[in-house]
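Chemist: quick one, what's the 3D model for this:
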Amino acid sequence: MDVRTTGQRARRSGRAEMHHCHGQAAISLLFFLFAGALFALPFARKPDAPAWGREDLTRNTGIARDFTLEQDITYAGEVIDAGFAGELRTLVEESSETYFGMRSDWLIDRGILEIDRLPAGRRAYETECSGCHGRIGDGAGPAATFLHPRPRNFRKGAYKFTTTSTGMRPKRSDLFGTITRGLAGSAMPSFRLLNEERRHDIVEYVRFLGMKGEFEHMLVTIATDEEELPDPEEYANLVADRWDPDKLISTFPGAPETPRTAESIARGRELYFDHSRANCVSCHGSEGKGDGAAVTGSMEVTNGFGEDVTVEGIYDDWGYRMFPRDFSSGVFRAGQEGKDLYITVATGIGGTPMGSFSGVLSPEEIWDLIHFVQSLGEGGGQ
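Modeler: Numbers count the residues shown, from 1 in each chain. This is a model prediction of the structure:
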């Protein structure tokens, strides 16, 4: 009797455990299916289209200099007359296609672009770059309003990190290096994993956008200033000469790197704080944290409408407030090597208050300054 009772209890216990295991398995399966659905949902829905038409609320803030081509033409109509603006618009559209169209015979004859790369470059650019830099390279893609610093506007002829002399356009290798390396501390990523040929295609298309945009804005500026329509071929040749690879002069190397010694760092520190020489302290601060007096103070400037306004801090050439690099972080946008820093100091950063020091400091002094700046990122600047 006791044996049968024990067996019955064992069978009941076994069935209960089996039901319990089945219940746990069912619950686990439901959780697995739910997690899978959450993972797959973003891929199953139709992706959002880029908001190309959305108003960019951060553009033309600050001291307002980042005007579109159409805004510049409209302004010409306001200061001269509406009829003139219409004629100017037609001139810009027709001459831009004649001299800087993707299949322009004139542009092909000048030999300053690898024309055959442009179609592939355009496709790659629109996929990889236009979301930030805009379809026409004006730095006004859908993501631009959310980024600081804003993406570079390629259409005004000013590029931040180049190896060429101040005011010159970048070399192909400069653009290729930026695309490959990215810019540390910004939203510009490295595209090292992108096929090398595609990167070269993008370089050529960015050069094309830069030439085309520079030419269009030059026509509008000259027409507005002189109140008459300019000769487009004259300015097309001027722009082409600026971008001609054979006419670009490299700044680096000015001199081989000098030994990084305590004496070199000390000399660099003197230059950093010398208001009559490098004067880095005014923007980058005494500890290199990017909090110098120029950043926290206010100044009178003329905005894009010709009005005198008081602003706080420092601004780039497009009227956007900017903040100097924090050297104490040890992160430098154009690269970490001594050569990278030398180029930045020697050539300056185009479109910003950071000017060239190649005519102010000797190559040896630039290396001293670099050694001190590097020490700030290692906690040795005190």
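Chemist: tell me the spacing between Pro256 and Phe191.
Modeler: Going from Pro256 to Phe191 by Cβ to Cβ, to the nearest Å gives 31 Å. Every residue, glycine included, has its C-beta placed from N, CA and C.
Chemist: Tyr205 now?
Modeler: 13 Å.
Chemist: which one's more surrounded, these two?
Modeler: Set side by side, Tyr205 and Phe191 show more neighbours around Tyr205, with 26 against 20, by other Cβ atoms under 10 Å.
Chemist: point out where this protein drops to low pLDDT.
Modeler: Where the chain drops to pLDDT under 70, the residues are 1-65, 252-254, 303-305, 379-382.
Chemist: do I have it right that Asp241 meets Lys247?
Modeler: Yes. The criterion here is Cβ atoms under 8 Å, and Asp241 meets it with Lys247 at 6.4 Å.
Chemist: isn't Ile222 right up against Pro230?
Modeler: Yes. Taking Cβ under 8 Å as the definition, Ile222 is a contact partner of Pro230 at 4.5 Å.
Chemist: the helices in the stretch 251-382 of the chain, which residues?
Modeler: Applying DSSP state H, counting those that start in this stretch to the stretch 251-382 of the chain gives helices spanning 262-273, 281-284, 293-296, 338-347, 363-376.
Chemist: highest mean neighbour count out of those?
Modeler: helix 363-376 (a mean of 23; mean count of other Cβ atoms under 10 Å).
Chemist: what's in contact with it?
Modeler: With contact meaning Cβ atoms under 8 Å, 6 or more residues apart in numbering, helix 363-376 is reached by 253-255, 257-258, 260, 264-269, 271-272, 278, 280, 287-288, 327-328, 338, 341-342, 345-346, 357-358, 361, 381.
Chemist: over to stretch 89-107?
Modeler: With Cβ under 8 Å, 6+ apart, stretch 89-107 has contacts from 69, 73, 113, 115, 118-119, 122, 208, 211-212, 215-216, 219-220, 223, 229, 232-233, 236, 239-240.
Chemist: okay, and Trp106 sits in which element?
Modeler: Element membership of Trp106 [criterion: DSSP states H and E] is helix 105-110.
Chemist: show me how far that helix is from its chain's centre.
Modeler: Relative to its chain's centre, helix 105-110 lies at 29 Å (Cα atoms, centre = their mean, to the nearest Å).
Chemist: how about stretch 159-177?
Modeler: The answer for stretch 159-177 is 13 Å, by Cα atoms, centre = their mean.
Chemist: buried stuff in that stretch?
Modeler: Neighbour counts over stretch 159-177 (16 or more other Cβ atoms under 10 Å) mark 159-164, 168-171, 174-177 as buried.
Chemist: reformat these as TSV; add secondary structure.
Modeler: Shown next, in TSV, are the buried residues of stretch 159-177 (DSSP: H, G, I helix; E, B strand; the rest coil):
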residue	secondary structure
Tyr159	coil
Lys160	coil
Phe161	coil
Thr162	coil
Thr163	coil
Thr164	strand
Met168	coil
Arg169	coil
Pro170	coil
Lys171	coil
Asp174	helix
Leu175	helix
Phe176	helix
Gly177	helix
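Chemist: closest to Asp81 among these?
Modeler: Asp81 lies nearest to Arg169 out of the buried residues of stretch 159-177, by Cβ to Cβ, at 34.6 Å.
Chemist: was I right about that closest one contacting Ala158?
Modeler: No. If you go by Cβ under 8 Å, Arg169 and Ala158 don't touch, sitting 9.3 Å apart.
Chemist: what's the first-to-last distance across stretch 327-346?
Modeler: Start-to-end span of stretch 327-346 (Cα to Cα, to the nearest Å) is 17 Å.
Chemist: ok, and what's touching it?
Modeler: 160-163, 178, 181, 183-186, 251-254, 257, 284, 287-290, 325, 354, 356-358, 361, 363, 366-367, 369-370, 373-374, 376-379, 381.
Chemist: for the stretch 101-250 of the chain, just list every one of the helices.
Modeler: Using DSSP H, counting those that start in this stretch, helices in the stretch 101-250 of the chain cover 105-110, 118-128, 130-133, 172-181, 196-226, 232-243.
Chemist: now these in CSV, with distance to Thr90?
Modeler: Listed next are the helices of the stretch 101-250 of the chain as CSV, based on distance: least, Cβ to Cβ, whole Å:
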stretch, distance to Thr90
helix 105-110, 19
helix 118-128, 25
helix 130-133, 27
helix 172-181, 32
helix 196-226, 11
helix 232-243, 11
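Chemist: among these, which is nearest Ser298?
Modeler: Ranking these by proximity to Ser298 (Cβ to Cβ) places helix 196-226 first, at 29.2 Å.
Chemist: if we go by neighbour counts, what in that closest one is buried?
Modeler: Of all the residues in helix 196-226, those buried under the rule 16+ other Cβ under 10 Å are 198-220, 222-224.
Chemist: counting contacts, what elements does it pack onto?
Modeler: helix 69-79, helix 82-100, helix 118-128, helix 172-181, helix 232-243 (3 or more Cβ pairs under 8 Å, 6 or more residues apart in numbering; DSSP states H and E).
Chemist: how much space between the residue nearest to Cys280 when sequence neighbours are not counted and Met299?
Modeler: Of all residues not flanking Cys280 in the chain, Tyr272 sits nearest, at 4.6 Å (Cβ to Cβ, 6 or more residues apart in numbering). Noted for Tyr272: a distance of 22 Å to Met299, by Cβ to Cβ.
Chemist: likewise Val220?
Modeler: Using Cβ to Cβ, Val220 is found at 29 Å from Met299.
Chemist: distance to Glu307 added to the helices of the stretch 251-382 of the chain, as TSV?
Modeler: Below are those laid out as TSV (distance: least, Cβ to Cβ, whole Å):
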stretch	distance to Glu307
helix 262-273	35
helix 281-284	25
helix 293-296	22
helix 338-347	32
helix 363-376	37
